[in-house]
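> I need the structure of the sequence given here:
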Amino acid sequence: MNHTVEDLSLLNALRQGDGNAFDHLFRRYYPMLCAYAHRLVSLEDAEEIVQEVMLWLWENRGDLIIESSLNQYLFKMTYRRVLNHLTREQVKTKAEAAFYERTQAALCEVDYARFEELDRKIKEAMAALPDSYRKAFVMHRFKELSYKEEFYKLKYCSTVVYMVPRA
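This next block holds a predicted model:
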């Protein structure tokens, strides 16, 4: 084993639930572990990962079996957590990309047959209208004329206001 005397005494105190020993370990290793993790991930992610490592250390203090030095143990644990984080991010990115591609494909698929059927039905319905109603309807819906403009174009009296809603 490659433990320093200080690490051994801190580990023994930590196993006994000594909060001061944990505080000392945290203050000693946290900055180094954050700097190490930050080489591979953002500083925010590095800090979160190291906090998880330290929390795990505290929660599992009674079951700790460290065969190498505490220093090596913490750096190795941090490295593995960083790799797990990168793997999760990669999977998340792939899933988001696949979702985006499927969404874009679905949005780009245009059902031209449905549009053609709708267009055919509109033309059939318009053809079934009396000529004066059809003219009023076309002016109002497709040429976007107001009732007043239709009135002057069709030279009808108040029947334009009556015809368009009926069409």
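
> how much space between the residue nearest to Gly62 when sequence neighbours are not counted and Ala21?
Excluding its sequence neighbours, the residue lying closest to Gly62 (CB to CB, 6 or more residues apart in numbering) is Arg15, at 6.0 Å. Every residue, glycine included, has its C-beta placed from N, CA and C. Arg15 is 9 Å from Ala21, where distance means CB to CB, to the nearest Å.

> And those two? Which one has more around it.
The residue with more neighbours, out of Arg15 and Ala21, is Ala21; 18 against 13, by other CB atoms under 10 Å.

> can you tell me how far the most centrally placed residue in the chain sits from Glu89?
Geometric centre of the chain, nearest residue: Glu96, 7.1 Å, by CA atoms, centre = their mean. Counting by CB to CB, the gap from Glu96 to Glu89 is 10 Å.

> swap in Ala37?
From Ala37 to Glu89 the distance is 13 Å (CB to CB).

> Sketch out the low-pLDDT regions of the chain for me.
1-3, 106-111, 140-167 (pLDDT under 70).

> Can you name the next helix or strand after the longest helix seen in it?
When the chain is parsed with DSSP state H, its longest helix is helix 70-108. Using DSSP states H and E, the helix or strand that follows helix 70-108 in sequence is helix 112-128.

> what does that next one rub up against?
Arg134, Phe137, Val138 (CB atoms under 8 Å, 6 or more residues apart in numbering).

> Now with 6 Å, please.
Arg134 (CB atoms under 6 Å, 6 or more residues apart in numbering).

> which element follows it toward the C-terminus?
In N-to-C order, the element after helix 112-128 by DSSP H and E is helix 131-141.

> the more surrounded of Ala37 and Glu89?
Counted by other CB under 10 Å, Ala37 and Glu89 do not tie: Ala37 has more neighbours, with 24 against 12.

> Does anything pack onto whichever strand or helix holds the more buried one? Which helices or strands?
Assessed by DSSP H and E, Ala37 sits inside helix 19-38. Counting contacts by 3 or more CB pairs under 6 Å, 6 or more residues apart in numbering; DSSP states H and E, helix 19-38 is packed against helix 5-15, helix 43-59, helix 70-108.
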